[in-house]
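With the sequence up front, the predicted model follows.
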Amino acid sequence: MGIIYRITCTANGKFYIGSTVNKNQRWARHRKDLRQGTHPNKHMQASWDMHGESSFLFECIEEVESAVELLITEQRYLDLHVGKNYCFN
């Protein structure tokens with residue numbers, strides 16, 4: 001089983017969408033990169049640098065049963081939000 005997750009900057013309402021089969025490990029990796037200033041998503045990194053770690057919320061927004069469905073479901077979310085000014089992706 002996997003999840004679709006959202007990382008939201010509560011200070012500005014912008015968010016990042018992703019998928020994983022291990023939510024704790026994935027969130028830990030995002031935080032590590034953000035704390036070190038090396039996160040590949042420069043927009044989310046800039047918000048982290050400006051607003052701080054306490055302004056970020058990691059949440060599961062959907063549980064998915066199979067690996068194939070995980071990628072399809074993530075793409076559905078990305079198709080809805082990528083390119084909008086509120087989305088870090």
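Great, that's in hand. Residues are numbered from 1 along each chain as shown.

Contacts for stretch 37-46, please.
If you take Cβ atoms under 8 Å, 6 or more residues apart in numbering as the criterion, stretch 37-46 is touched by 7, 9, 14, 16, 30, 33-34, 48-49, 88-89. Just so you know, the C-beta spots here come from the backbone N, C-alpha and C atoms, and that holds for glycine as well.

quick one: low-confidence ranges for the chain?
Along the chain, no part satisfies pLDDT under 70.

how about the helices of it, start to end?
Residue ranges of the helices in the chain, as given by DSSP state H, are 23-36, 42-51, 67-81.

Quick one: closest of those helices to residue 2.
Nearest to residue 2 among the helices of the chain is helix 67-81; the distance by Cβ to Cβ comes to 4.1 Å.

now the closest one, how far from the chain's geometric center?
Mean C-alpha position of helix 67-81 versus that of the full chain (Cα atoms, centre = their mean, to the nearest Å) differs by 13 Å.

same question, stretch 25-42
Here stretch 25-42 shows a centroid-to-chain-centroid distance of 10 Å under the convention Cα atoms, centre = their mean.

go on, stretch 10-21?
4 Å.

quick one: contacts of it?
For stretch 10-21, contacts defined as Cβ under 8 Å, 6+ apart pick out 1-9, 26, 41, 43-44, 47, 50-51, 55-57, 61, 64, 67, 70-71, 73-74, 77-78, 81, 85-89.
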